[in-house]
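Student: Sequence and predicted structure below; questions after.
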Amino acid sequence: MTVSERQMANAIRALAMDAVQAANSGHPGMPMGMADVATVLYKDYLKYDPASPKWADRDRFVLSAGHGSMLAYATLHLSGYAAPTIADIRNFRQLHSPCAGHPENFELDGIEATTGPLGQGLAMAVGLAIAERHLNAVFGDDLVDHRTWVIAGDGCLMEGINHEAIGLAGNLNLGKLIVLWDDNNITIDGKVELSSCEDIAARYAATGWHVERCDGHDFADIRRALDAAIADGRPSLVACKTIIGKGAPNKQGTSATHGAALGTDEVAAARVELDWPHAPFEIPADIAQAWKIAGERCKSAHSEWKNRLSSADNGAEFTRRMNGDLPADMGMKSYLEQLISDAPKVATRKASEMALNVLTASLPEMLGGSADLTGSNNTKTPSTKTLDKNDYSGRYVNYGIREFGMAAAMNGMALHGGIIPYGGTFLVFADYARSAIRLSAIQRIRAIYVMTHDSIGLGEDGPTHQPVEHLQSLRAMPNLFVFRPADVIETAECWALAVAHDSGPSLLALSRQNLPMVRSDVSENLCAKGAYRLKSAAAVRKTVLIATGSEVEIALQVAEKLEAADIGVDVVSMPCTQLFDAQDAAYQADILPADALIVSIEAGTSFGWERYTGRSGLRFGVDSFGASAPIDDLYDHFGLTAEKITPQIISVLNQ
């Protein structure tokens, strides 16, 4: 007996409602509402091979409406992925189950992106689509020619990041990007019209998208809409009119199905409504076989692709990039040796540009950009021509004033593979991008944030643009390396570390003002230890000065004054607190000895520095918002000068 597509879709509905009911937690409504669309997608359109889930030229599918995670888990299980198993699904939302409440990219193959914060999945998909077009332009159709599919809900389309993401996608004409909108007219609070009167289709059309509509429960109409989307050269939004919780006869179409288990009685009623008499988590053999056949649909296409890869002249380079491997020589050794000879006094944002000149010439996978601050962030190099709709081979994206959208797109590129994305803005605007930076860290991906104008040192633009709390708040984020280099050498070393770090994001906080070179030894990457002794005490050591970035110069000036008073001083540069914290106890004790007065100097909040200075140490920083004035006046006003710091240290030592 032939298995119908309705039966295949009902398998998704059954697994979704059973898993949520077993956990007594979750969101059954979206998976049940979009089951028909997902069935058509996985059965006839999505290019994938469950037996080889990392196939580089697979289509990427992103469940932007990540709360409906059981849609992803059900389709992965049914189509033949090794995981999740039915046991995993039974343990939905339980500790150590790969079936987390929201999909996590590192838990299961086939989950391309961690989603849940609404809108970011779609925004990351823009990055995935950029990566596909760029690598296609570089390696050709034989190796790279796939689509990016998204299922998004009303919440994804309401979030502010959606405006940024679709504007970027429209401007780049990302025709391989197709968004399937679960147009069910329901949010948690009730009907969408409670909070929105927006014409979504018109907004997408206004940003250069193609828009289609379909009945999300009519299989033929779904196919018609997907065919039209594929045929159009623009990015496409397909508005799939659906009923949330479809199949739950007493709750479907209402917000009651959105974020809670249906309840025992409603699950039983749904089984009758769906003609699904099977026990919880049981999939009949014929329906399971129909899904297995769907999952094997692209095996021959995958085999043909592997043959093309093995015979391609650029196949080895493509594989290297997709594996994330770095070449043996990135040009940094000779560059650092030249810096020792030249001893340039430059802002670390300029030092970053100098390092990028070397790295982007050596690493063609580096793809940069800026949120409309290219000339200030110094992120463009001779190797990175512009990427636009007329030339996807470029390596520099003009993101416009879209910090959040930029960061999310960078996440998508990193997730795709084959690209090391970096993007710039002012450090104070990290707040605009913070949620996407957090997802970089959660997803354990290599994205590099270039954040310039890192302190009151930017001067006259004043407190709205002067970061104060930003460094410490970013350092508090797990799995994010925050680098604040002191000079041109540390900047190069931090860049080398960021590029090599493939299990999490990095952020470089860079100065606007020129800084002298304080290092003369490049025999090893000292920044790799997070903190190191830059200057050893000449007299008997009584104090250790810790400083970062532009304040290392000040710490050296303080040390000179203290040594003149026969007070021995170590100066420690701490470009990355996270890397220092990862060193063994013996190294940390050697750098920050217990018998010395520990003093921190940083032009940001002093909050948090007590973990290194102890409560009896001294902390010099900026514990209010900044002010509009020339840089020298600001440093004097906030007490960050050798003349103001030195006597306070002497006073404590004399107590």
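Tutor: Right, received. Where do you want to start? Residues are numbered from 1 along each chain as shown.

Student: Next, the buried residues of the one helix or strand Glu164 maps to.
Tutor: Element membership of Glu164, judged by DSSP states H and E, is helix 160-172. By neighbour count on 16 or more other C-beta atoms under 10 Å, the buried set for helix 160-172 is Ile161, Asn162, His163, Glu164, Ala165, Ile166, Gly167, Leu168, Ala169, Gly170, Asn171, Leu172. Any C-beta I mention is one placed from the backbone N, CA and C, and that applies to glycine too.

Student: Let me have those residues in TSV, adding pLDDT and distance to Met332 as columns.
Tutor: Formatted as TSV, the buried residues of helix 160-172 follow (pLDDT from 0 to 100; distance: C-beta to C-beta, whole Å):
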residue	pLDDT	distance to Met332
Ile161	98	35
Asn162	98	39
His163	98	39
Glu164	98	34
Ala165	98	34
Ile166	98	38
Gly167	98	36
Leu168	98	32
Ala169	98	35
Gly170	98	38
Asn171	98	34
Leu172	98	32
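
Student: Identify, from the residues you listed, the entry nearest to Val544.
Tutor: In terms of C-beta to C-beta, no member of those lies closer to Val544 than Ile161, at 43.5 Å.

Student: Let me see the contact set for Arg619.
Tutor: Arg619 makes contact with Val599, Ser600, Ser606, Trp609, Glu610, Thr613, according to C-beta atoms under 8 Å, 6 or more residues apart in numbering.

Student: Pro593 contacts Val544, doesn't it?
Tutor: Yes. The criterion here is C-beta atoms under 8 Å, and Pro593 meets it with Val544 at 6.9 Å.

Student: How about the residue nearest the centre of the chain, nearest residue that isn't a chain neighbour?
Tutor: Centroid check for the chain by C-alpha atoms, centre = their mean gives Ser440 as the closest residue, at 2.8 Å. Leaving aside its sequence neighbours, Ser440 sits nearest to Pro505 (C-beta to C-beta, 6 or more residues apart in numbering; 3.7 Å).

Student: in the stretch 101-250 of the chain, which ranges drop under the pLDDT threshold?
Tutor: Applying pLDDT under 70 to the stretch 101-250 of the chain flags no residue at all.

Student: Which elements pack onto the next helix or strand after the helix holding Glu164?
Tutor: As assigned by DSSP H and E, the chain's next helix or strand after helix 160-172 is strand 177-183. Applying 3 or more C-beta pairs under 8 Å, 6 or more residues apart in numbering; DSSP states H and E, we find strand 177-183 packed against helix 29-40, helix 120-139, strand 148-152, helix 154-158, helix 219-231, strand 236-241.

Student: looking at this, Leu507 is in a strand?
Tutor: Yes. Assessed by DSSP: H, G, I helix; E, B strand; the rest coil, Leu507 belongs to a strand.

Student: That one: neighbour count?
Tutor: The tally of other residues near Leu507 (other C-beta atoms under 10 Å) stands at 29.

Student: Next, give phi and psi for the closest residue to it other than its chain neighbours.
Tutor: Leaving out its chain neighbours, the residue that sits closest to Leu507 by C-beta to C-beta, 6+ apart is Tyr449, at 4.2 Å. Per-residue torsions, Tyr449: phi -100, psi 120 (degrees, to the nearest 10).

Student: got the contact list for Gly418?
Tutor: Ala56, Ala131, Leu135, Phe318, Arg321, Met322, Glu365.

Student: what about the nearest residue to Thr374 once chain neighbours are set aside, distance to Gln289?
Tutor: Of all residues not flanking Thr374 in the chain, Lys380 sits nearest, at 5.2 Å (C-beta to C-beta, 6+ apart). Between Lys380 and Gln289 the computed distance is 54 Å (C-beta to C-beta, to the nearest Å).

Student: In terms of neighbours, single out the busier of these two.
Tutor: Lys380 (21 against 12).

Student: hmm, back to that, wait, doesn't the residue nearest to Thr374 sit right on Leu367?
Tutor: No. Lys380 is beyond contact range of Leu367, at 11.6 Å (criterion: C-beta under 8 Å).

Student: Now for those two: what residues contact both?
Tutor: In contact with both Lys380 and Leu367: Tyr396, using C-beta under 8 Å, 6+ apart.

Student: returning to that earlier point: let me know the secondary structure of the residue nearest to Thr374.
Tutor: coil.

Student: if I look at it, how far off is Leu373?
Tutor: Counting by C-beta to C-beta, the gap from Lys380 to Leu373 is 11 Å.

Student: And for Asp391?
Tutor: 22 Å.

Student: Between the two, tell me which one has more neighbours.
Tutor: A direct count of neighbours by other C-beta under 10 Å for Asp391 and Leu373 places Leu373 higher, at 20 against 11.

Student: Give the burial count for the closest residue to Met330 other than its chain neighbours, as a bare number.
Tutor: Nearest residue to Met330, sequence neighbours excluded (C-beta to C-beta, 6+ apart): Ser362, at 4.5 Å. Close neighbours of Ser362, defined as other C-beta under 10 Å, add up to 17.

Student: okay but Ser362 is in contact with Lys333, surely?
Tutor: No. Ser362 is beyond contact range of Lys333, at 11.2 Å (criterion: C-beta under 8 Å).

Student: how many other residues sit next to the residue nearest to Ile111 when sequence neighbours are not counted?
Tutor: What sits nearest to Ile111 in space, not counting adjacent residues and going by C-beta to C-beta, 6+ apart, is Pro103, at 4.5 Å. Neighbours of Pro103 under the rule other C-beta under 10 Å: 28.

Student: Can you classify Pro103 as helix, strand or coil?
Tutor: coil.

Student: What values do phi and psi take at it?
Tutor: According to degrees, to the nearest 10, Pro103 has phi -60, psi 140.

Student: Other residues contacting stretch 628-646?
Tutor: Stretch 628-646 has contacts (C-beta under 8 Å, 6+ apart) with 456-463, 513, 551, 554, 557-558, 560-562, 599, 601, 603, 620-622, 626-627.

Student: Tell me the buried residues in it?
Tutor: Under 16+ other C-beta under 10 Å, the buried positions of stretch 628-646 are Ile631, Leu634, Tyr635, Phe638, Leu640, Thr641, Ala642, Lys644, Ile645, Thr646.

Student: Show the buried residues in the contacts of stretch 628-646.
Tutor: 456-459, 513, 551, 554, 557-558, 561-562, 599, 601, 603, 620-622, 626-627.

Student: Ala268 - how many residues pack around it?
Tutor: By the criterion of other C-beta under 10 Å, Ala268 has 11 neighbours.

Student: so which helix or strand takes in it?
Tutor: With DSSP H and E as criterion, Ala268 is part of helix 264-273.

Student: about what we covered before: can you check the pLDDT for the residue nearest to the centre of the chain?
Tutor: For Ser440, the pLDDT comes out at 98.
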